[in-house]
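Asker: Task: produce atomic coordinates for the following.
(one chain, ligands or ions: 1)
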Amino acid sequence: MTDPSDKEARDRLFARVRGMQAELPPMQKSPASHSGDTDFRTLPGYEEFQLQREIGAKLGIENPYFRMHEARSGPRAEIGGRSLLNFSSYDYLGLNGHPEIVAAAKKAVDRYGVSASGSRHVSGERPVHRALEQSLASLYGVEDCVTFVSGYATNLGVIGQLLGQKDILFHDSAMHNSAVMGGMLSNAARRSFRHNDLDNLEEMLTAHRGSYERAMIVVEGLYSMDGDWPDLPRLIELKNRHRAWLMVDEAHALGVLGKHGGGIAEHFGANPKDVDIWMGTLSKTLCACGGYIAGSADLIDYLKCTAGVFVYSVAMPPVIAASAHKALELMLREPERVTRLQKNGALFLKLTRERGLDPGTGAGTAVAPIMMHDSLPAALLSQKLYERGINVQPVMYPGVPAKASRLRFFLSAAHSESDIVEALDIVAEEWKRIGETIKSLGKPAHG
Ligand SMILES: Cc1ncc(COP(=O)(O)O)c(C=O)c1O
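Answerer: Model prediction:
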């Protein structure tokens with residue numbers, strides 16, 4: 001028999017994970033719990049994580065995060081002494097560990113050591129920084145580029161610097177947290193438009209643009225959770241008509257969209273100069289870490305003089321700049337990697353649909369969601385797949401709303417066709433079983 005307190009706890013956890021907190025009485029504080037201004041456990045959002053952990057423990061689901069990888073994370077991952085098929089790596093073009101990148105990294109370490117040992121202004125400038133920036137600027141056909149030590153901090157610091165309290169930021173509702181936080185830091189007004197709904201954006205521009213000095217629209221070149229992209233030509237038309245800057249975050253579009261991996265502008269055959277601010281990360285296709293902004297010489301000069309995230313921060317380690325530069329060179333020299341990745345994305349989408357699984361708005365790219373619509377099945381399926389030799393993470397609240405929970409597969413040019421067929425066969429099989437498992441756990445109190 002189930003212990004009634006267990007059942008109550010389980011129902012509460014089910015309800016929590018399904019986003020029904022409002023219908024529940026508050027949790028009783030355990031006698032050991034502290035209260036007051038200095039108790040970190042009372043900070044907003046923390047209880048949510050504790051509850052997720054409790055759910056895992058109650059249902060026998062292991063924590064799918066912070067898994068220790070024992071080797072390079074590529075199409076396969078070595079975890080806990082096992083070799084798993086891996087769909088959790090940003091290494092879209094299968095470049096991480098490429099001998100030419102390793103050689104470039106070693107050469108940079110031999111010459112410069114590991115750290116830049118100062119900000120770019122003070123003592124951190126090295127030829128490899130400028131070489132990378134010039135290659136990125138020429139990729140976009142714009143005047144200049146500047147790199148930062150973190151992709152996240154790039155959005156945060158650059159949006160935070162470009163906008164102020166008399167300005168307004170319009171962002172897609174699926175926009176990455178770093179850009180939204182950049183908007184908050186700037187003190188500008190913010191409006192979020194429905195995902196990829198440019199009619200909604202136009203309504204907002206018409207209603208609000210006139211009340212502010214400067215305006216910025218920020219979107220992703222390829223959405224990191226949904227695997228779809230915005231209509232770039234229409235965004236350019238809207239930003240011109242409403243006198244706004246357009247910023248495009250290419251974190252997941254570089255190397256993924258466009259025949260040569262040039263991103264969303266290449267995909268649409270648009271003129272990259274029509275976008276005011278190109279942002280990207282070095283941590284995905286370029287298999288390093290850091291962020292960049294590419295655009296006009298004035299924009300880059302302004303950021304290099306004023307943005308705290310650049311001025312008051314150490315330069316990117318030269319070894320990282322040299323590695324990312326070599327990865328960019330390989331991307332352009334070996335476009336067959338991009339072709340292979342695009343074929344893998346199309347195959348994944350076709351097989352997902354054929355197996356009756358829901359790809360959401362995934363459009364057949366390297367970012368391939370399979371929708372679960374609830375946290376519990378997402379967590380259970382991820383665990384089952386892990387047991388069967390497939391590493392793929394669930395995306396649940398607070399990353400997305402609980403009803404939009406999913407598994408997110410990152411594909412690589414290094415995956416073979418049979419890797420994808422094998423993975424989706426197992427997903428379909430386990431997904432059928434999950435329905436039964438959930439039924440056997442009993443219908444949740446409010447389910
Ligand atoms: C769209 C987008 N922008 C920015 C970032 C932050 O980049 P990084 O992880 O390189 O700091 C990410 C990270 O995944 C991202 O998905």
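Asker: Tell me where the stretch 51-200 of the chain has helices.
Answerer: With DSSP state H, counting those that start in this stretch, the ranges of helices along the stretch 51-200 of the chain come out as 99-112, 127-140, 151-162, 177-186, 198-208.
Asker: Find the closest residue to the ligand in the stretch 1-150 of the chain.
Answerer: With Cβ to the nearest ligand atom as the measure, Ser150 is the residue of the stretch 1-150 of the chain nearest to the ligand, at 4.7 Å. Glycine gets a C-beta too; all of them are placed from N, C-alpha and C.
Asker: Verify the contact between that residue and Leu282 for me.
Answerer: No: shown here, Ser150 and Leu282 do not form a contact pair, counting by Cβ atoms under 8 Å, at 9.5 Å.
Asker: I'd like the average pLDDT over stretch 236-248.
Answerer: Averaging pLDDT along stretch 236-248 yields 98.
Asker: which secondary structure elements does the host helix or strand of Glu336 contact?
Answerer: Glu336 is located in helix 335-354, with elements delineated by DSSP states H and E. With contacts taken as 3 or more Cβ pairs under 8 Å, 6 or more residues apart in numbering; DSSP states H and E, helix 335-354 sits against helix 318-333, strand 367-371, helix 417-440.
Asker: Could you list the residues in contact with it?
Answerer: Helix 335-354 is contacted by residues 92-95, 255-256, 258-261, 330-331, 358-359, 362-366, 368, 370, 409, 411-413, 415, 417, 420-421, 424 when judged by Cβ atoms under 8 Å, 6 or more residues apart in numbering.
Asker: Keeping just the C-alphas, turn stretch 231-246 into CSV.
Answerer: The C-alpha coordinates for stretch 231-246 follow below in CSV (Å, rounded to 0.1, in the frame of the first residue of the first chain):
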residue,chain,number,x,y,z
ASP,A,231,11.6,35.8,-41.7
LEU,A,232,14.8,37.9,-42.0
PRO,A,233,13.7,39.9,-45.1
ARG,A,234,10.5,41.0,-43.4
LEU,A,235,12.4,41.9,-40.2
ILE,A,236,14.7,44.1,-42.3
GLU,A,237,11.7,45.8,-43.9
LEU,A,238,10.1,46.4,-40.4
LYS,A,239,13.2,47.7,-38.8
ASN,A,240,13.8,50.1,-41.7
ARG,A,241,10.2,51.4,-41.6
HIS,A,242,10.2,51.8,-37.8
ARG,A,243,13.8,53.2,-37.5
ALA,A,244,15.0,50.4,-35.2
TRP,A,245,18.2,48.5,-34.9
LEU,A,246,18.0,44.9,-35.8
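Asker: Confirm for me that Ala215 is in contact with Arg241.
Answerer: No: the pair Ala215 / Arg241 is not scored as a contact, 11.5 Å apart, by Cβ under 8 Å.
Asker: I'd like to know which of the helices of the stretch 51-200 of the chain is closest to Gly389.
Answerer: Closest to Gly389 of those is helix 99-112 (Cβ to Cβ; 27.7 Å).
Asker: what mean pLDDT does that closest one have?
Answerer: 98.
Asker: Excluding chain neighbours, give the residue nearest to Arg355 in space.
Answerer: Residue nearest to Arg355 in three dimensions, not counting chain neighbours: Ala428, with 4.0 Å by Cβ to Cβ, 6 or more residues apart in numbering.
Asker: For the closest residue to the ligand within the chain, give its distance to Trp229.
Answerer: Closest residue of the chain to the ligand, Cβ to the nearest ligand atom: Gly151 (2.4 Å). To Trp229, Gly151 is 18 Å away according to Cβ to Cβ, to the nearest Å.
Asker: Cool, thanks, talk later.
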